[in-house]
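J.: Build me a model from this:
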Amino acid sequence: MAVSLREDRSGGSVDHFLALLQDRLPLWLSILHDLSHRTGKGCVSDNLLPVVRAGIDYYIDVQSAALPAFTSPNVTVRFRQAVRDTGLGPSTEVTPLAAYLAAEQRLGRVRSDVDPEASARLLIAGCFHRAYIEMFLGADTEPTREASALEIVRELRLEPVPSTPAVA
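T.: From the prediction side, this is the model:
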């Protein structure tokens with residue numbers, strides 16, 4: 001199997017990576033799409049924490065398989081074409097998350113100056129980065145995974161700041 005992961009042929013790294021995506025992506029996407037059922041319920045940050053945790057788990061699963069898919073320019077080009085052909089690009093993740101944030105924004109539960117799509121990309125990037133760090137440095141890397149999840153959500157600063165009553 002180590003040889004097939006390095007070769008640009010059927011059964012090679014691109015096929016292995018796409019097979020892993022097709023196995024793991026449906027669960028990850030269902031978690032993102034299920035956010036729509038949380039609109040207007042609970043706290044936005046609390047709704048996003050399980051998503052971040054699941055995102056970190058997802059990226060830990062798929063990143064190690066992704067590395068061999070980029071071992072040569074030919075393999076990278078083949079991978080890019082396969083992503084286009086299968087529709088597994090980044091928008092599959094960003095779209096449902098941005099839609100949730102936009103829906104919460106319309107309800108006044110996300111700040112009006114927040115860009116839902118940019119915030120969705122940043123949340124996903126935070127998950128990806130934490131998974132990357134764990135892959136290279138280990139799961140015991142500080143901050144902990146849970147602290148990282150909390151930081152990712154908190155530092156997006158999505159929720160409106162409560163107004164303070166005027167002092168008479």
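
J.: what's the model's confidence in stretch 145-155, averaged?
T.: Per-region confidence: stretch 145-155 scores 96 on mean pLDDT.

J.: Mind listing what's buried along it?
T.: By neighbour count with 16 or more other C-beta atoms under 10 Å, stretch 145-155 contains the buried residues R145, S148, A149, I152, V153. In this view, the C-beta of every residue, glycine as well, is placed from N, C-alpha and C.

J.: What of stretch 117-124?
T.: Under 16+ other C-beta under 10 Å, the buried positions of stretch 117-124 are E117, S119, A120, R121, L123, I124.

J.: next one: stretch 86-103
T.: Buried positions in stretch 86-103, judged by neighbour count with 16+ other C-beta under 10 Å: L88, T92, E93, V94, P96, L97, A98, A99, Y100, L101, A102, A103.

J.: Relative to the whole chain's centre, how far out is that stretch?
T.: 10 Å (C-alpha atoms, centre = their mean, to the nearest Å).

J.: Let me see the residues that make contact with that stretch.
T.: Contacts with stretch 86-103, where a contact means C-beta atoms under 8 Å, 6 or more residues apart in numbering, come from 18, 21-22, 25, 28-29, 32-33, 35-36, 38-40, 47, 51, 83, 110, 114, 116-117, 119-121, 123-124, 158.

J.: Give me the buried subset of the residues you listed.
T.: Counted by 16+ other C-beta under 10 Å, the contacts of stretch 86-103 give 18, 21, 25, 28-29, 32, 35, 38-39, 47, 51, 83, 110, 114, 116-117, 119-121, 123-124, 158 as buried.

J.: can I assume I60 is in contact with I133?
T.: No. Counting by C-beta atoms under 8 Å, I60 sits too far from I133 to count as a contact (10.1 Å).

J.: residue boundaries of the helices in this structure?
T.: 13-34, 44-66, 73-86, 91-106, 116-137, 145-156 (DSSP state H).

J.: low-scoring stretches of the chain, by residue?
T.: Residues of the chain that meet the criterion pLDDT under 70 lie in 1-14, 68-69, 164-168.

J.: make it 90
T.: Counting by pLDDT under 90, the ranges of the chain that qualify are 1-26, 61-92, 135-136, 138-139, 141, 161-168.

J.: Need the residue closest to the centroid of it.
T.: What sits nearest the mean C-alpha location of the chain, by C-alpha atoms, centre = their mean, is I124, with 3.1 Å.

J.: Any idea which of the helices of the chain gets closest to P162?
T.: Minimum separation from P162 across those (C-beta to C-beta) falls at helix 44-66, 13.6 Å.

J.: leaving aside the residues next to it on the chain, what's closest to T39?
T.: A103 (4.4 Å; C-beta to C-beta, 6 or more residues apart in numbering).
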